[in-house]
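In: Return a 3D structure for these sequence lines:
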Amino acid sequence: MANIKCTKIRKSYGSHTVISDLNLDIADHEFVVFLGPSGCGKSTMLRMIAGLEEISDGTVSIGGRDVTHLPPGERGVAMVFQSYALYPHMSVFDNIAFGLRRQKVPAEEIRRRVEHVSNMLGLAQFLERKPKNLSGGQQQRVAMARAMIKTPKLFLFDEPLSNLDAKLREKLRTEIRRMHLDLKTTTIFVTHDQLEAMTIADRIVLMRAGAIEQQGTPSEIFDRPATRFVADFIGSPAMNFRDCSVAIDGEQAELTSGSIRLKVPAKDYRDLGQGAKVEVGLRPSKMDIAAEGDVNVISGTVVLVENMGSEGQVIVDVDGREMSFVTKAFRTLEAGQRIDFSIDPDSIHIFSKEDGRSLLRAAA
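Out: Below is the predicted model:
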């Protein structure tokens, strides 16, 4: 068992508190990603779970055992850092085996386990090389192998892919996810990259200023952002936002901003009173060129078309402000062209102007 329970965690540096009264439960075998901008406290939280950072107040338990005051070596965790931290004078084999040798594991058992983990990570042909003769991706796999070989209950990854190019990042995050499934461990992964979080997590814990802004599956975070901050942070291209006024007409609510007129079912939202001022979010990936019969149509002038391969991002001037949407039909568009695009009512997000909270009612 490697379930994790963090209770009223607080971390302060002198008079400055960076994490305050944070509570979090992580189930055994769950893959959780701590996501958020720089300085939000995600790495600090990871390091407190690992025992590398002292907890100012609160408790951490792993597998039902209070580890709050235990040193890292007694917590049954393995950690992979952004920096590979390999021994340059040792071979790949010796780097991977180092921890087992310190534990006085028999040589034959060490060799068996090194061969097993190196085969899993595609390192078998590099075991005699020194780290300087490896690529960045290969060095990161050696760091992963060194952690895996100790068969810990809990894996902790602190932005392990941020030094790699895009293609290597994609390959390694797949390997990390596969490793998690094969070893059936509990895994916490820290990143500021929302694409990484969306592709590998069972659950995302999105942090902001030392607190949890929202947690849920990638689909829940993307489809039902709890706040404007979440809506803006998750998704690429970024969500379009417009300040709107509300007009109620029977069961419909009309959201107005300049020439924009959007209709949504009033019952799906809270606090949509007549004349209310709200902020509306429209996700570009949920919008496209308008078809006959579409209700929520927005008109504008094409400013720029960005070719993203199988689809394109179209930047449109609407009432002097830019909006964007994504379409597969981008090759038919050019700058200066008038265009109508639309969004489904189910994909319209409305946020309070006072506190940024979503006004969407909870799913039945």
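
In: At the geometric centre of this structure, which residue sits there?
Out: Centroid-nearest residue in the chain, with C-alpha atoms, centre = their mean: residue 197, separated by 2.9 Å.

In: correct me, but it touches residue 215?
Out: No - with contact defined as C-beta atoms under 8 Å, residue 197 does not count as touching residue 215 (11.4 Å). For the C-beta atoms, the positions are set from N, CA and C on the backbone; glycine is no exception.

In: Would you mark the buried spots in stretch 332-344?
Out: By neighbour count with 16 or more other C-beta atoms under 10 Å, stretch 332-344 contains the buried residues 333, 339, 341, 342, 343.

In: and the two most separated of those residues?
Out: Across the buried residues of stretch 332-344, the longest distance by C-beta to C-beta is 17.4 Å; it joins 333 and 343.

In: Residue 60 pairs with what?
Out: Residue 60 has these beta-bridge partners by DSSP bridges: residue 6.

In: quick one: it from residue 53, how far?
Out: Distance from residue 60 to residue 53, counting by C-beta to C-beta, to the nearest Å: 11 Å.

In: How about residue 320?
Out: Look at residue 320 and residue 53: by C-beta to C-beta, they are 48 Å apart.

In: Between these two, point out the one with more neighbours.
Out: Looking at residue 320 and residue 53 with other C-beta atoms under 10 Å, you find the greater number of neighbours at residue 53, namely 14 against 7.

In: Return the residues in contact with the nearest residue to residue 91 once chain neighbours are set aside.
Out: Residue nearest to residue 91 in three dimensions, not counting chain neighbours: residue 128, with 5.5 Å by C-beta to C-beta, 6 or more residues apart in numbering. Counting by C-beta atoms under 8 Å, 6 or more residues apart in numbering, residue 128 touches 91, 92, 93.

In: Which secondary structure state does residue 128 sit in?
Out: Taking DSSP: H, G, I helix; E, B strand; the rest coil as the rule, one finds residue 128 in the coil state.

In: pLDDT value on it, please?
Out: If you check residue 128, the pLDDT there is 92.

In: And for the one 4 residues further on?
Out: At residue 132, the pLDDT value in this model is 90.

In: my guess is it meets residue 88, correct?
Out: Yes - using C-beta under 8 Å, residue 132 is in contact with residue 88, at 6.2 Å.

In: Name the surrounding residues that touch the helix or strand bottoming out on mean pLDDT in the chain.
Out: Least confident helix or strand, the chain: helix 166-183 with a mean of 82, by mean pLDDT, DSSP states H and E. The contact list for helix 166-183, computed with C-beta under 8 Å, 6+ apart, reads 31, 120-121, 135-137, 140-141, 144, 148, 151, 155, 157, 160-161, 164, 187, 189, 196, 199-200.

In: do stretch 342-361 as well
Out: So stretch 342-361 is contacted by 224-229, 231, 239, 243-244, 255, 262-265, 267-272, 277-283, 286-291, 294-298 (C-beta under 8 Å, 6+ apart).

In: one more time with 7 Å
Out: Residues from elsewhere that reach stretch 342-361 (C-beta atoms under 7 Å, 6 or more residues apart in numbering): 224-229, 231, 262-265, 268-272, 277-283, 286-288, 290, 294, 296-298.

In: Of these, which belong to strands?
Out: Those of the contacts of stretch 342-361 mapping onto strands are 262-265, 277-282, 287-288, 297-298, per DSSP state E.

In: show me where the protein has helices.
Out: With DSSP state H as the criterion, the chain has helices at 42-50, 92-102, 107-120, 136-148, 166-183, 194-200, 218-223, 228-233.

In: Tabulate those helices (TSV), appending distance to residue 316.
Out: Putting those into TSV (distance: least, C-beta to C-beta, whole Å) gives the following:
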stretch	distance to residue 316
helix 42-50	35
helix 92-102	52
helix 107-120	48
helix 136-148	39
helix 166-183	28
helix 194-200	24
helix 218-223	23
helix 228-233	19
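
In: What is the burial count for residue 235?
Out: Neighbourhood size, residue 235 [other C-beta under 10 Å]: 20.

In: Low-confidence ranges, the stretch 151-300 of the chain, go.
Out: For the stretch 151-300 of the chain, no stretch has pLDDT under 70.

In: which residues touch residue 296?
Out: Contacts of residue 296 by C-beta under 7 Å, 6+ apart are 262, 263, 342, 343, 345.

In: One more pass at 8 Å, please.
Out: Residues in contact with residue 296 (C-beta under 8 Å, 6+ apart) are 261, 262, 263, 342, 343, 344, 345, 348.

In: Tell me if I'm right that residue 37 and residue 191 touch.
Out: No - here residue 37 does not reach residue 191: they are 11.0 Å apart, not a contact under C-beta under 8 Å.

In: More neighbours: these two, which one.
Out: More neighbours surround residue 191 than the other of residue 37 and residue 191, with 25 against 13 (other C-beta under 10 Å).

In: Kindly state the beta-bridge partners for that one.
Out: Going by DSSP bridges, residue 191 forms beta bridges with residue 35.

In: measure it to residue 218 for me?
Out: For residue 191, the distance to residue 218 - C-beta to C-beta - is 13 Å.

In: ok, now residue 350?
Out: Distance of residue 350 to residue 218, computed by C-beta to C-beta: 22 Å.

In: ok, the two, which is more surrounded?
Out: Each of residue 350 and residue 218 has its neighbours counted (other C-beta under 10 Å); residue 350 has more, 24 against 19.

In: For residue 253, see how far away the residue nearest to that one when sequence neighbours are not counted is.
Out: Spatial nearest neighbour of residue 350, excluding adjacent residues (C-beta to C-beta, 6+ apart): residue 359 at 4.6 Å. Distance, residue 359 to residue 253, using C-beta to C-beta: 10 Å.
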